[in-house]
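**Student:** pasted the sequence and its predicted model underneath.
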Amino acid sequence: MSVEHYENFPVASILMPKRLRRPVAAIYHFARAADDIADEGDLPDAERLAQLAAFRSELDRMVQGEPPLTPLFQNLAATVQAYQLPLQPHYDLLDAFSQDVVTKRYDNYAALADYCRRSANPVGILMLHLYGEATPVNLAYSDQICTSLQLINFWQDVAKDMAIGRIYLPRDEMARFGVTETQIAQHICDDNWRALMKFQIDRARSLMLQGAPLGSILTGRIGLEMRMIIAGGLRILDKLDAVNYDMFRRRPVLGPFDWVIMLAKSAPMNLATT
């Protein structure tokens, strides 16, 4: 399953148990469709927000016990009912996508973390409910992993986001390290930029490692997939370090050799000491 349009969705693996592929696909297609409304094409902002509002109306129908009007939400409703999934994470995703339409800057990390809480963490919440593993401890670990994955995606795509007018780097931290929006637009990778990005990447790595025990708690193919996701995030962070934070010219991606390394690091014992 391709996740090019919604990179925070951790389902791009043949490790996903067959019994979960259909429900995961229903959730994924909902998330991808909403994400595309927020990001793709040349629609005016008002039209993007109107389409996302129509998605909320479909969720409202589900809450009220009424059948959704569109096939996308009919499939989602069947999955929600079959697996007793909470609807709040779906609303949170829509809120985050709507925020992307209107919010282009973040004053501080608290504001960015709140965005991650709604843009990324709901994916982990829904997956744990599908797995039957949505304990408070597991959900807390998942939130740390998903927030880290969202931050990693941001730091990979600084140039791409700037091209569409978005900067996810907190403004107060940019000021602290002496980095300006003009510098980002001009792709200037100086000592100030490297110091700022090392700070961001160290924080993302810390979050990932705090959540890493989830990979050992979950068992079987689900546990292995989670460990691969964690290892993949850490691998991208290592690659950002290796290019000295010049993701403008050398955006890191995972290649075949990286997948070998990730698999080697995905044993519970190795992951705990990464």
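**Tutor:** Structure received. Residues are numbered from 1 along each chain as shown.
**Student:** SS state for residue 134?
**Tutor:** For residue 134, the secondary structure call by DSSP: H, G, I helix; E, B strand; the rest coil comes out as coil.
**Student:** can we start the residue count at 23 from this point?
**Tutor:** Understood, numbering begins at 23; the last thing we discussed is residue 156.
**Student:** out of everything not next to it in sequence, what's closest to it?
**Tutor:** Nearest non-adjacent residue to residue 156, counting by C-beta to C-beta, 6 or more residues apart in numbering: residue 150, 4.1 Å away. In this view, the C-beta of every residue, glycine as well, is placed from N, C-alpha and C.
**Student:** pull the CA atoms of the helix or strand hosting the one you found into CSV?
**Tutor:** Take DSSP states H and E as the rule and residue 150 turns out to sit in helix 143-153. Provided in CSV are the C-alpha atoms of helix 143-153 (Å, rounded to 0.1, in the frame of the first residue of the first chain):
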residue,chain,number,x,y,z
ASN,A,143,-1.2,10.7,17.0
PRO,A,144,-4.7,9.7,15.9
VAL,A,145,-3.2,7.2,13.4
GLY,A,146,-1.4,5.4,16.2
ILE,A,147,-4.5,5.5,18.4
LEU,A,148,-6.6,3.9,15.6
MET,A,149,-4.0,1.2,14.9
LEU,A,150,-3.8,0.2,18.5
HIS,A,151,-7.6,-0.1,18.7
LEU,A,152,-7.5,-2.3,15.6
TYR,A,153,-4.8,-4.4,17.2
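**Student:** just name whatever secondary elements it is in contact with.
**Tutor:** Using 3 or more C-beta pairs under 8 Å, 6 or more residues apart in numbering; DSSP states H and E, the elements in contact with helix 143-153 are helix 40-61, helix 110-124, helix 158-178.
**Student:** can I get the ones you listed in CSV with distance to residue 254?
**Tutor:** Shown next, in CSV, are the helices and strands packed on helix 143-153 (distance: least, C-beta to C-beta, whole Å):
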stretch, distance to residue 254
helix 40-61, 18
helix 110-124, 22
helix 158-178, 9
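**Student:** go through the ones you listed and pick out the most buried.
**Tutor:** Mean neighbour count (mean count of other C-beta atoms under 10 Å) peaks for helix 158-178 among the helices and strands packed on helix 143-153, with a mean of 21.
**Student:** buried stuff in the very next helix or strand once past it?
**Tutor:** Following helix 158-178 in sequence order, the next helix or strand is helix 180-185 (DSSP H and E). For helix 180-185, a neighbour-count test (16 or more other C-beta atoms under 10 Å) marks 180, 183, 184 as buried.
**Student:** distance of the spatially closest residue to residue 124 that is not a sequence neighbour relative to residue 133?
**Tutor:** Leaving aside its sequence neighbours, residue 124 sits nearest to residue 67 (C-beta to C-beta, 6+ apart; 6.6 Å). Using C-beta to C-beta, to the nearest Å, we find residue 67 at a distance of 20 Å from residue 133.
**Student:** who has more neighbours, these two?
**Tutor:** The neighbour count for residue 67 versus residue 133, taken as other C-beta atoms under 10 Å, is higher for residue 133 (14 against 11).
**Student:** what helix or strand is the more buried one on?
**Tutor:** Going by DSSP H and E, residue 133 is part of helix 131-141.
**Student:** state the pLDDT value of the residue of the chain most remote from its centre.
**Tutor:** Most distant residue from the mean C-alpha position of the chain: residue 88, 30.3 Å away (C-alpha atoms, centre = their mean). On pLDDT, residue 88 comes in at 95.
**Student:** tell me the SS of it?
**Tutor:** Per three-state DSSP, the secondary structure class of residue 88 is coil.
**Student:** how about the buried residues of helix 180-185 in JSON lines, adding distance to residue 250 and pLDDT?
**Tutor:** Listed next are the buried residues of helix 180-185 as JSON lines, based on distance: C-beta to C-beta, whole Å; pLDDT from 0 to 100:
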{"residue": "180", "distance to residue 250": "25", "pLDDT": "96"}
{"residue": "183", "distance to residue 250": "26", "pLDDT": "94"}
{"residue": "184", "distance to residue 250": "30", "pLDDT": "95"}
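**Student:** now flag whichever of the residues you listed is closest to residue 199.
**Tutor:** Ranked by distance to residue 199 (C-beta to C-beta), those are led by residue 180 at 13.8 Å.
**Student:** look up how far residue 214 lies from the closest one.
**Tutor:** With distances taken as C-beta to C-beta, residue 180 is found 14 Å from residue 214.
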